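> Take this sequence and fold it.
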Amino acid sequence: MTPQRPFAYVLPALAVVLLLSACSPPAPETAPSAAAGVTEGAEEFDPATCLIGEWTITEEQMQVFYDKVSEGVDGITFDVQGDTGLTFRESDYSYLPDFTLGMTVAGTPASGTIAGSINGDYTVDGGLITTSHDSTAVTMTVEVAGTTMDGAELFGQMLAASPVNSAPYECQSGPTLVIQMDTGYGRAPIELIRRA
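I've put the predicted structure just below:
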């Protein structure tokens, strides 16, 4: 085994799991029910506008996401440190990752730190949000078996390969936004908290 082999295996795997938190697969053929996008109960929200604002995906909710990923991959566990921001304006958004993801792949410890922004446009249809990305300005530092390397280029290439993504969402009181993010092994309901 050459010294580079762990990188050849771990770097793409790490890029994939970091990328998952920014993406969801193509939309289902049918839109969500009319109840999607609003809460049940007295307080209701307009699904066309309730997304607008600055949101935080807490470290705890990021862990929920990656725990769901690990359910579909034998022998890999994840440890998230840090939060992620997500801002929706009238028709565009900014995804603002700022976290470190620790993992072990094939017995090799690794971690990836990602920060910066992914920006693009979005549309909503009832309780379904569809995003496309226009620009990516992220730094991604990967450490594998004690050696550090730059993974930003690979991350950008993978993101460019799947520019349009969709997910059901629901606005709740709190205020809370729940997006059904796809992990590649099923959807995980991730709660976002509106910033003060």
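
> quick one, phi/psi of Tyr185?
Backbone torsions of Tyr185, given as degrees, to the nearest 10, read phi -130, psi 30.

> what's the answer for Glu153, then?
Backbone dihedrals for Glu153, given as degrees, to the nearest 10, come out at phi -70, psi -40.

> can you pull the contacts of the closest residue to Trp55 other than its chain neighbours?
Closest residue to Trp55 in three dimensions, ignoring its sequence neighbours and counting by Cβ to Cβ, 6 or more residues apart in numbering: Leu192, at 3.9 Å. Placement of C-beta: from N, CA and C, glycine included. Shown in contact with Leu192 (Cβ atoms under 8 Å, 6 or more residues apart in numbering): 55-57, 61, 86, 176-179.

> Just give me the closest of those to Glu170.
Looking at the contacts of Leu192 and their distance to Glu170, the nearest is Val178, at 4.8 Å (Cβ to Cβ).

> show me where the chain has strands.
Counting by DSSP state E, one finds strands in the chain at the ranges 53-57, 78-88, 92-105, 108-125, 128-144, 147-150, 164-172, 176-182, 187-194.

> Dump those into a markdown table; add distance to Gln157 and mean pLDDT as well.
Supplementary listing: the strands of the chain in a markdown table, determined by distance: least, Cβ to Cβ, whole Å; pLDDT from 0 to 100:
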| stretch | distance to Gln157 | mean pLDDT |
| --- | --- | --- |
| strand 53-57 | 24 | 95 |
| strand 78-88 | 21 | 92 |
| strand 92-105 | 17 | 89 |
| strand 108-125 | 14 | 89 |
| strand 128-144 | 10 | 86 |
| strand 147-150 | 13 | 86 |
| strand 164-172 | 16 | 87 |
| strand 176-182 | 20 | 91 |
| strand 187-194 | 25 | 92 |
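
> Mind checking those strands for the one nearest to Phe45?
Of all those, the one in closest proximity to Phe45, counting by Cβ to Cβ, is strand 164-172 (3.9 Å).

> other SSEs contacting that closest one?
Counting contacts by 3 or more Cβ pairs under 8 Å, 6 or more residues apart in numbering; DSSP states H and E, strand 164-172 is packed against strand 128-144, strand 176-182.

> tell me which residues in it are buried?
Taking 16 or more other Cβ atoms under 10 Å as the neighbour-count basis, strand 164-172 is seen to contain the buried residues 165-172.

> Just give me how far that strand sits from the chain centre.
12 Å (Cα atoms, centre = their mean, to the nearest Å).

> Repeat that for stretch 173-184.
11 Å.

> List the buried residues in it.
In terms of neighbour count (16+ other Cβ under 10 Å), stretch 173-184 has its buried residues at 177-183.

> Throw the residues you listed into TSV and include distance to Gln81, thanks.
Below are the buried residues of stretch 173-184 laid out as TSV (distance: Cβ to Cβ, whole Å):
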residue	distance to Gln81
Leu177	23
Val178	23
Ile179	21
Gln180	24
Met181	19
Asp182	23
Thr183	19
